[in-house]
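Undergrad: 3D, please:
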Amino acid sequence: MLRSIKLLLLFVILALIIVGCASPTVEPTKAPPPASSSSSAASVASSVSSAVPTSVPASTSAPTVAATSPTAATKAPEPTKAPAPTVAPTAAGAQPVRGGIAVIATDSDPDQLNPGFTTSYNIGDIGSKIFNGLIWLDPNWVPQPQLAESWTISSDAKVYTFKLRSGVTWHDGKPFTSADVKYSFDEILLKLHPRTKGLAARISTLAAPDAQTVVFTLKDPYAPFMLGLTVFDAPILPKHLYDGQGDVTKNPANLKPIGTGPFKFSEWNKGSTIKLVRNENYFEKGLPYLDGLVYQIIPQAANRSTALETGEVDYVVDFYFPKTDVKRLESTGKFVVKRGQGAPAIEFMMFNTRSKALATKEARQAIAMVIDRKRIVDQAMNGIARVGFGPFGDGFKWLVNPDAGYDKLYPLNVAKAKSTLDAAGVTAGADGSRGTLRLIVDTARGPHVTAAQIIKENLKEIGFNVDVQPLERSVMIQKVFLDWDYDLTLQSFVSSGDPAIGYHRLYLTATTKAQFTNQTGYTNPAVDDLFTKAATTPNQADRAGFYKNAQTILAADLSSIVLFDDEGVDFASKKLNGLFSGIESRDRFDLVWMSK
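TA: The predicted structure is shown next:
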């Protein structure tokens with residue numbers, strides 16, 4: 001009996017040894033090498049380092065730059081981070097392959113294709129594939145090399161020296177040099193770009209001491225300086241096509257752009273498609289993977305999601321996607337889906353303070369008392385947004401002033417709104433009408449059209465007839481920003497990672513007429529001064545103090561009212577891999593590839 005038990009134990013021990021030998025040792029998950037950074041959208045979401053191409057030397061990485069900075073305080077503060085992107089993984093071990101044409105949905109014909117003097121979303125979308133910035137931003141907001149291969153920052157955080165890549169050429173074969181960078185900033189970006197022209201007052205000198213070097217010397221440290229050097233805020237344009245050619249905004253090159261980017265402009269069929277082809281001489285060797293991109297112009301929002309379902313298009317970025325279809329398409333599991341806003345972004349209503357009925361802050365406050373922002377989020381955005389908190393929204397948690405919230409200052413109250421209007425001299429006639437207000441919206445922005453109808457109903461309660469005017473984008477831009485021919489308008493601004501870059505322009509005094517800037521007629525020197533201090537102060541806590549004071553003023557003056565903060569949802573075909581390599585969903589399409 002004892003011998004039988006011993007034999008049984010021996011067999012058990014042998015069996016355990018055999019099983020252990022048959023099971024391989026589990027190794028830690030390794031980050032994919034940079035060259036395969038685009039092997040799947042999932043790998044990009046989980047590993048930031050994988051988005052850096054192999055051709056970028058390690059010495060040019062952002063940590064090196066950070067080491068040259070005197071203190072952590074000089075770094076731009078991180079914006080509130082969106083939820084980690086949720087994406088559908090590709091097959092394990094899938095490697096990038098060349099070839100294929102990706103079809104991207106857009107909403108309308110842009111008025112031109114030069115992103116150097118506009119922040120129009122579709123121009124930035126297309127232009128980001130044709131042009132480059134000095135840097136790009138990875139999913140952790142870390143600057144990565146693009147046209148600049150490396151940079152250093154002086155100990156006082158005022159001098160930024162960029163070494164440019166050598167051997168880069170424009171799509172027409174002309175060499176790219178520091179002269180292009182200097183010209184782009186001096187003559188276009190610092191004069192015309194809605195977000196970047198604010199730098200003009202902060203730059204002391206901009207020098208190009210040799211063909212491969214550019215030196216920015218700032219008057220004072222400027223916390224978000226590096227964040228504003230991407231293709232979306234500072235695209236570098238060809239000096240040889242613009243210098244001495246008259247009005248930049250009317251240059252023929254704006255319709256047939258020449259860039260240094262991964263894709264070249266091919267053709268534009270108005271009302272139908274804009275086609276780009278691979279730049280075979282792109283400075284990132286082996287990139288782009290795709291043969292080309294086709295932007296399919298689809299004016300109706302519902303038709304864009306239908307086109308994605310039927311396979312007519314491969315990608316619909318959040319800006320163009322109808323929110324009413326998000327939950328249904330997401331539930332199918334058939335698409336790559338990214339949830340989360342890269343950079344905080346707000347949707348708002350601007351008041352033309354030149355209009356008689358809107359000239360006083362009391363009248364504008366009365367209107368705020370009846371606009372149902374929650375209903376707008378629920379119905380226009382299908383719940384996929386956050387109700388606007390105050391003058392900057394709530395995307396940057398570190399600067400929010402709890403005492404400047406709209407709900408606290410202007411709770412819904414029709415009776416009080418009416419009495420406030422009466423006191424402000426905006427009285428109702430015998431028929432109860434206080435007049436007509438023209439509300440202009442971009443006809444291709446479905447949520448804005450819906451929101452406008454809700455606002456129309458809201459304002460009817462206090463005696464205003466609202467004439468909603470959905471206009472094609474180029475017409476809307478002309479009437480609102482250049483002609484001031486409106487009373488109310490719905491717009492949206494992306495922050496680009498810092499309020500100084502993206503949000504100041506909503507309230508800063510405008511000295512010229514320019515697209516996507518403060519063209520409300522509102523001016524307040526106290527606000528301008530607080531913004532200047534907030535932008536040049538390196539310490540985040542001090543910056544927050546300036547911003548909180550500004551919000552107190554802005555919430556009272558109410559030249560614009562934030563309706564909601566965006567919460568992005570991007571959709572793509574599972575054929576596309578390598579999406580979302582940068583903080584911006586439209587960025588780094590040179591890393592996108594298509595499964596066969």
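Undergrad: Could you pull up the contacting residues of the residue nearest to the spatial centre of the chain?
TA: For the chain, the residue nearest the mean C-alpha position is Val494 (4.7 Å; CA atoms, centre = their mean). Counting by CB atoms under 8 Å, 6 or more residues apart in numbering, Val494 touches 119, 232, 343-345, 502. (C-beta placed from N, C-alpha, C; glycine too.)
Undergrad: and of those residues, the nearest to Glu187?
TA: Distance ranking of the contacts of Val494 against Glu187, using CB to CB, places Thr119 first at 18.3 Å.
Undergrad: partner residues bridging the residue nearest to the centre of the chain?
TA: Note on Val494: beta-bridge partners Ala345, judged by DSSP bridges.
Undergrad: Got the confidence number for it?
TA: What the model reports for Val494 is a pLDDT of 92.
Undergrad: Same question for Thr512.
TA: Listed pLDDT for Thr512 reads 86.
Undergrad: For it, give its distance to Gly292.
TA: Distance of Thr512 to Gly292, given as CB to CB, to the nearest Å: 38 Å.
Undergrad: Which residue of these two possesses the greater neighbour count?
TA: Between Thr512 and Gly292, counted using other CB atoms under 10 Å, Gly292 has the larger neighbour count: 18 against 9.
Undergrad: Can you pull the poorly scored residue ranges out of the protein?
TA: Within the chain, the segments meeting pLDDT under 70 span 1-93.
Undergrad: any idea how it splits into domains?
TA: 36-257+569-594, 345-566 (automatic domain parsing).
Undergrad: Serialize those domains to TSV and add fields for distance to Gln296.
TA: Output for these, formatted as TSV (distance: least, CB to CB, whole Å):
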stretch	distance to Gln296
domain 36-257+569-594	5
domain 345-566	13
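Undergrad: And the strands in the stretch 51-200 of the chain, which stretches?
TA: Using DSSP state E, counting those that start in this stretch, the strands of the stretch 51-200 of the chain run over residues 101-106, 135-137, 143-145, 148-153, 159-164.
Undergrad: of all those, which lies closest to Leu506?
TA: Of the strands of the stretch 51-200 of the chain, nearest to Leu506 by CB to CB is strand 135-137, at 21.8 Å.
Undergrad: Walk me through which strands the closest one pairs with, and which way each runs.
TA: Strand 135-137 sits in its sheet next to strand 143-145 (antiparallel), going by DSSP bridges.
Undergrad: Buried deepest among the strands of the stretch 51-200 of the chain, which one?
TA: Among the strands of the stretch 51-200 of the chain, the stretch with the highest mean neighbour count (mean count of other CB atoms under 10 Å) is strand 135-137, at a mean of 25.
Undergrad: now what about it, what contacts it?
TA: Residues outside strand 135-137 that contact it (CB under 8 Å, 6+ apart) are 143-146, 148, 151, 226-227, 229-231, 497, 582-584, 587-588.
Undergrad: Please list all residues in contact with the closest residue in space to Lys323 that isn't next to it in sequence.
TA: Nearest residue to Lys323, sequence neighbours excluded (CB to CB, 6 or more residues apart in numbering): Asn382, at 3.9 Å. Asn382 makes contacts with 323-324, 326-327, as judged by CB under 8 Å, 6+ apart.
Undergrad: Over to Val168?
TA: With contact taken as CB under 8 Å, 6+ apart, Val168 is in contact with 147, 175-176, 260, 283.
Undergrad: Need the max-distance pair from these.
TA: Among the contacts of Val168, Leu147 and Pro175 lie farthest apart (CB to CB), at 12.5 Å.
Undergrad: who has more neighbours, these two?
TA: Neighbours around Leu147 and Pro175, counted as other CB under 10 Å, are more numerous at Leu147. The numbers are 26 against 13.
Undergrad: if I look at that one, how far off is Ile454?
TA: When distance is defined by CB to CB, Leu147 is 44 Å away from Ile454.
Undergrad: what do you get for Ala544?
TA: 33 Å.
Undergrad: same question, Asp109
TA: From Asp109 to Ile454 the distance is 28 Å (CB to CB).
Undergrad: Please tell me which one of the contacts of Asn382 counts the most neighbours.
TA: Counting neighbours by other CB under 10 Å, the top entry in the contacts of Asn382 is Lys323, with 22 neighbours.
Undergrad: quick one: contacts for that residue?
TA: 380-382, 384-385, 446-447, 569.
Undergrad: Looking at these, which is nearest Asp156?
TA: Of all the contacts of Lys323, Ala385 has the smallest distance to Asp156: 41.2 Å, by CB to CB.
Undergrad: Am I right that that closest one is in contact with Val569?
TA: No - counting by CB atoms under 8 Å, Ala385 stays clear of Val569, with 10.3 Å between them.
Undergrad: coming back round to it: return the subset of the contacts of Val168 lying in helices.
TA: Residues of the contacts of Val168 located in helices (DSSP state H): none.
Undergrad: Could you dump these into CSV with distance to Gly395 added?
TA: CSV is the format used below for the contacts of Val168 (distance: CB to CB, whole Å):
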residue, distance to Gly395
Leu147, 29
Pro175, 41
Phe176, 35
Thr260, 32
Phe283, 34
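Undergrad: who are the neighbours in contact with Asp407?
TA: Counting by CB under 8 Å, 6+ apart, Asp407 makes contact with Phe389.
Undergrad: That one: what secondary structure?
TA: helix (DSSP: H, G, I helix; E, B strand; the rest coil).
Undergrad: same check, this time on Val294
TA: Three-state call for Val294 (three-state DSSP): strand.
Undergrad: close enough to count as contact, it and Lys275?
TA: Yes - between Val294 and Lys275 a contact is recorded at 5.3 Å, counting by CB under 8 Å.
Undergrad: What number of neighbouring residues does the residue nearest to Leu409 when sequence neighbours are not counted come out with?
TA: Leaving aside its chain neighbours, Leu409 sits nearest to Ala555 (5.8 Å; criterion: CB to CB, 6+ apart). For Ala555, the count of nearby residues is 23 (other CB under 10 Å).
Undergrad: What of Gly246?
TA: Neighbourhood size, Gly246 [other CB under 10 Å]: 8.
Undergrad: next one: Gly244
TA: Neighbours of Gly244 under the rule other CB under 10 Å: 6.
Undergrad: Contacts only, for Tyr522.
TA: Applying CB under 8 Å, 6+ apart to Tyr522 gives the contacts 351, 353, 507, 509, 557, 559.
Undergrad: That one is in what secondary structure piece?
TA: Tyr522 belongs to no helix or strand when assigned by DSSP states H and E.
Undergrad: cool, the one 4 residues further on as well?
TA: Secondary structure assigned from DSSP H and E places Ala526 in helix 525-536.
Undergrad: CA atoms only: put that helix into PDB for me.
TA: Taking C-alpha atoms only, helix 525-536 is exported to PDB below (Å, rounded to 0.1, in the frame of the first residue of the first chain):
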ATOM      1  CA  PRO A 525      -8.300  96.700 -21.900                       C
ATOM      2  CA  ALA A 526      -8.400  95.100 -18.500                       C
ATOM      3  CA  VAL A 527      -9.100  91.700 -20.100                       C
ATOM      4  CA  ASP A 528      -6.300  92.300 -22.600                       C
ATOM      5  CA  ASP A 529      -3.900  93.000 -19.800                       C
ATOM      6  CA  LEU A 530      -4.900  90.000 -17.800                       C
ATOM      7  CA  PHE A 531      -4.400  87.800 -20.900                       C
ATOM      8  CA  THR A 532      -0.900  89.200 -21.500                       C
ATOM      9  CA  LYS A 533       0.100  88.500 -17.900                       C
ATOM     10  CA  ALA A 534      -1.400  85.000 -18.000                       C
ATOM     11  CA  ALA A 535       0.500  84.200 -21.200                       C
ATOM     12  CA  THR A 536       3.900  85.400 -20.000                       C
END
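Undergrad: Just the buried positions in it, please.
TA: Residues 527, 530-536 are the ones in helix 525-536 that count as buried (16 or more other CB atoms under 10 Å).
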